[in-house]
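Enquirer: kindly return the folded structure for what I paste below:
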Amino acid sequence: MTTAAATLDPVAELYVEHHSWLQGWLRRKLDCPQQAADLMQETFIKVLLNQAEAQIREPRAYLATIAKRLTVDLFRRQQIERSYLEALAALPEQSHPSAEDEALFKEALFELDRLLDGLGPKVKQAFLLAQCEDLSYAEIAERLGISLRSVNTYVARGMAHCCLAQL
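Expert: Predicted coordinates:
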């Protein structure tokens, strides 16, 4: 520990000692210096918000874990945005939403994805087909190649998951 770092609070000390390492690690993972810098800062914001963990035994492992989760979130948001833009491109131009509506819709998609986080792909797919495409359970079963009973279970599990996530 450096003399200057000894006088800092634990988060500032963590930042001084590890921010260069973390940014380099993220740069190698993301191959984008701007995204690496953004995620490095987001990682330290998470650390600041969670100061209950004053004594971190393995700071690099701790920081890497937070950064990995943020990276997964970034990739997930990028995939959602790509899918949204593909769907938007398939619409006639006069059907395109305003910039404000588009931003609100993307935010709603990100929130829905957050709510459904942790569900298996089939559960997520069945739930979204029931809620967003208004398909019958029989249509969902046929489309996904699963039983009607499984569709019922998956949709119920998705609904319960969303309700519990709201608590």
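
Enquirer: what about stretch 85-92, average pLDDT?
Expert: Averaged across stretch 85-92, the pLDDT comes to 87.

Enquirer: again with stretch 20-39
Expert: Averaging pLDDT along stretch 20-39 gives 93.

Enquirer: what pLDDT is listed against the spatially most central residue of the chain?
Expert: Nearest residue to the geometric centre of the chain (CA atoms, centre = their mean): D73, 2.9 Å. Reported pLDDT at D73 in the predicted model: 88.

Enquirer: please, which helix or strand holds it?
Expert: Taking DSSP states H and E as the definition, one finds D73 inside helix 59-89.

Enquirer: again with K29
Expert: For K29, the host element (DSSP H and E) is helix 10-30.

Enquirer: this structure - how does it break down into domains?
Expert: Following automatic domain parsing, the chain resolves into domains at 1-98, 118-167.

Enquirer: got any ranges where this protein has weak pLDDT?
Expert: 1-8, 52-54, 167 (pLDDT under 70).

Enquirer: contacts only, for A165.
Expert: 114-115 (CB atoms under 8 Å, 6 or more residues apart in numbering). In short, each C-beta sits where N, CA and C put it, glycine included.

Enquirer: switch the cut-off to 10 Å
Expert: With CB atoms under 10 Å, 6 or more residues apart in numbering as the criterion, the residues that contact A165 are 111, 114-118.
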